[in-house]
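S.K.: Pasting the sequence and the predicted coordinates here, then a few questions.
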Amino acid sequence: MLKSTLLKATEAGAKELQRFFNGDFKITNKEGINNPVTEADLAAEKAIVAAIKTDYPDHFILSEEAGELKMDSEYKWIIDPIDGTINFANAIPICCVSVGLEHNGVLIMGAVYNPLMDEFFFAQKGAGAWLNDKQLFVSKKRRC
């Protein structure tokens, strides 16, 4: 069920990314230069957190925009609702939703989804990695 929740949460965030892409939205700035936060970041984060909390209300969540939503749990969800916000804000489709899951401090699975380019990466510790439905493998080349 952890995997299905991770996939569901990633897809929920991606729907928000798609909804706002190339549209009108508010942009504010966090600390530092070139560190924008868009209305879409906040909407994607809200959708991702809601999907996780529906299945696992007691899990710890660490999100780029909201910070830590601490719970006493051996599981920690790590969220970047829109990775590549500057690209997103400038209508450059090289941006994605990133969600990872730790168990007792060890990363056990993660997803990175760019719905604008139809690229959904998923990896699970000990089980491999995929791009969409195709499993990925390390190159067998010994030299470049």
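M.R.: Received it, and whenever you're ready, just let me know what you need.
S.K.: use CA for all of it now, contacts and neighbours both
M.R.: OK.
S.K.: Now stretch 42-54: buried residues?
M.R.: Within stretch 42-54, the residues that count as buried by 16 or more other CA atoms under 10 Å are 42, 43, 44, 45, 46, 47, 48, 49, 50, 51, 52, 53.
S.K.: ok but residue 45 is inside a helix, no?
M.R.: Yes. Using DSSP: H, G, I helix; E, B strand; the rest coil, the assignment for residue 45 is a helix.
S.K.: Next, the closest residue to it other than its chain neighbours: phi, psi?
M.R.: Spatial nearest neighbour of residue 45, chain neighbours left out: residue 81 (5.0 Å); criterion: CA to CA, 6 or more residues apart in numbering. The phi and psi values for residue 81, taken as degrees, to the nearest 10, are phi -60, psi -40.
S.K.: again with residue 2
M.R.: Per degrees, to the nearest 10, the backbone of residue 2 is at phi -60, psi -40.
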